[in-house]
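J.: need a 3D model of the sequence below.
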Amino acid sequence: MKFKLTLEANKSATTIHYQDKIMLMGSCFTENIGAKLHRHLFEVKENPHGILFNPISVIGALQDYIDNKQYVATDLFELNDLFNSWHHHTRFSDITFEAALKKINGSINDAHTYLKGADKLVVTLGSAWLYHLTNIAPSGAGLVVANNHKAPAQWFEKKLMDPVELSLQLQKIVAALQSFNKNIHIIFTISPVRHLREGLIENNRSKSVLIYAVHDVIAKLKGVDYFPAYEYVIDDLRDYRFYAEDLVHPNYAATNYVWDKLVSTYFSEDTQLIMAEVAELQLAKQHKPFNKASNAHQAFLQKSLLKTEVLQSKYPFLPLADFLTFFREELINNA
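T.: Down below sits the predicted model:
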């Protein structure tokens, strides 16, 4: 007797390689996957505007990168002794508008160049609830904000996106991206993180809008597909044991499960073999010996250095310079 449904990972015709440049955009779940890619030494740029939850803010950020938009002082507002942007995460806020603009425009300029040469763009959408500025806000009435920056609640009006309108907006940005970079492949996914601030029913309404819109886009356009991160957590794992204590964010086990499914779906067997060797080097680098000067540890360092040199020679595209430096310095310092 079966007590759970299993969503199998179907191999995609799209493959991710070590030579690929990957951009990740969207919610906090994006950063969990980004950390996994970084650890396995893929070339990744994630969230150049910071974490973004709603699709309009994601679309706006991508358009900024295409246009290489440069923000000016009038694009910022001052609140809580900081200069902020309604289009950016709080990590771009600063005590002077010059410092905030330097961070914002530097990130956009880097993202413009990176996106032009990117091979894969993974977009994770979190919530279809939009927060518009009201007339009470100092400026920008009607603007959809990416972050509330701890502004008063009466500055915002909440509205659920129309799924048909969202599909049209996503189709428009996909077309713009494919015109900007003819080689890019776009992977959409829906965050399994629950937005309980809206309420359980409202969260489900939001996710349904996102799912409808994304699948409508995929049915109509080429070069776009869907990875079911949401379904792996909600329908496959389907248990609060796989959530953190807040019952909102998937925990370590759930994130690893989704990561394994992503690897099975998009990564070739050859790529997975390289990833396994990189993972071994990461463990070796983190190893904490009882006695650094022992013969056993010296032999371990020699073996790890040799393994790194062989791997670098075999796969020159791997960024292993830090590993080579680390093992060589450890051998000298602990001889």
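J.: report the secondary structure state of Ile136.
T.: Secondary structure state of Ile136, per DSSP: H, G, I helix; E, B strand; the rest coil, is coil.
J.: surely it is in contact with Ala153?
T.: No: look at Ile136 against Ala153 with C-beta atoms under 8 Å: they stay out of range, at 10.0 Å. Any C-beta I mention is one placed from the backbone N, CA and C, and that applies to glycine too.
J.: if you count what's nearby, which of those two comes out ahead?
T.: Ile136 (13 against 9; other C-beta atoms under 10 Å).
J.: tell me the spacing between that one and Asn80.
T.: Note on Ile136: its distance to Asn80, by C-beta to C-beta, to the nearest Å, is 17 Å.
J.: swap in Lys288?
T.: Taking C-beta to C-beta, one finds Lys288 at 41 Å from Asn80.
J.: so which of the two has more stuff around it?
T.: Ranked by neighbour count (other C-beta under 10 Å), Lys288 and Asn80 place Asn80 first, with 10 against 5.
J.: for that one, phi and psi?
T.: In terms of degrees, to the nearest 10, the main-chain angles of Asn80 are phi 60, psi 40.
J.: check contacts around the closest residue to Gly60 other than its chain neighbours.
T.: Nearest non-adjacent residue to Gly60, counting by C-beta to C-beta, 6 or more residues apart in numbering: His87, 6.0 Å away. His87 is in contact with His49, Ser57, Gly60, Ala61, Asp64, Asp75, Val145, Ala146, counting by C-beta atoms under 8 Å, 6 or more residues apart in numbering.
J.: confidence score at His87?
T.: Confidence at His87, expressed as pLDDT, is 97.
J.: look up how far Leu177 lies from it.
T.: The gap separating His87 from Leu177 is 18 Å, by C-beta to C-beta.
J.: same check, this time on Leu196
T.: In terms of C-beta to C-beta, Leu196 sits 32 Å off from Leu177.
J.: walk me through the domains of this structure.
T.: 21-267, 275-333 (automatic domain parsing).
J.: determine which stretch of these is the most buried.
T.: domain 21-267 (a mean of 18; mean count of other C-beta atoms under 10 Å).
J.: please look at Pro228 and Ser191 and confirm they touch.
T.: No: the criterion here is C-beta under 8 Å, and Pro228 misses it with Ser191 at 11.7 Å.
J.: returning to that earlier point: phi, psi of the residue nearest to Gly60?
T.: The phi/psi pair for His87 (degrees, to the nearest 10) is phi -100, psi 0.
J.: try Thr124
T.: With angles defined as degrees, to the nearest 10, Thr124 sits at phi -110, psi 120.
J.: and for it, nearest residue in space, chain neighbours not counted?
T.: Distances taken as C-beta to C-beta, 6+ apart put Gly26 closest to Thr124, at 3.4 Å, once the chain neighbours are dropped.
J.: got a list of what that neighbour touches?
T.: Asn47, Ile51, Leu52, Phe53, Val58, Val122, Val123, Thr124, Leu125, Gly126, Ser191.
J.: same deal with Thr308?
T.: Leu281, Leu320, Phe323, Leu324, Phe327.
J.: can you name the residues that contact the first one?
T.: Put plainly, it is Leu281. Going by C-beta under 8 Å, 6+ apart, Leu281 touches Ser304, Lys307, Thr308, Leu311, Leu320, Phe323.
J.: what helix or strand is the third one on?
T.: Per DSSP states H and E: Thr308 is located in helix 295-314.
J.: please compute how far stretch 244-258 lies from its chain's middle.
T.: Mean C-alpha position of stretch 244-258 versus that of the full chain (C-alpha atoms, centre = their mean, to the nearest Å) differs by 16 Å.
J.: can you check stretch 232-241 too?
T.: Worked out by C-alpha atoms, centre = their mean, stretch 232-241 lies 21 Å from the chain centre.
J.: same check on stretch 26-42?
T.: Centre-to-centre, stretch 26-42 and its host chain are 6 Å apart (C-alpha atoms, centre = their mean).
J.: can you map out the helices along the protein?
T.: Taking DSSP state H, the helices of the chain run over residues 28-39, 55-67, 97-117, 163-180, 200-220, 229-231, 252-266, 269-286, 295-314, 321-333.
J.: dump the ones you listed to JSON lines, plus mean pLDDT and distance to Thr6.
T.: Shown next, in JSON lines, are these (pLDDT from 0 to 100; distance: least, C-beta to C-beta, whole Å):
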{"stretch": "helix 28-39", "mean pLDDT": "91", "distance to Thr6": "21"}
{"stretch": "helix 55-67", "mean pLDDT": "98", "distance to Thr6": "29"}
{"stretch": "helix 97-117", "mean pLDDT": "98", "distance to Thr6": "36"}
{"stretch": "helix 163-180", "mean pLDDT": "98", "distance to Thr6": "28"}
{"stretch": "helix 200-220", "mean pLDDT": "97", "distance to Thr6": "20"}
{"stretch": "helix 229-231", "mean pLDDT": "95", "distance to Thr6": "11"}
{"stretch": "helix 252-266", "mean pLDDT": "95", "distance to Thr6": "11"}
{"stretch": "helix 269-286", "mean pLDDT": "96", "distance to Thr6": "21"}
{"stretch": "helix 295-314", "mean pLDDT": "95", "distance to Thr6": "34"}
{"stretch": "helix 321-333", "mean pLDDT": "93", "distance to Thr6": "37"}
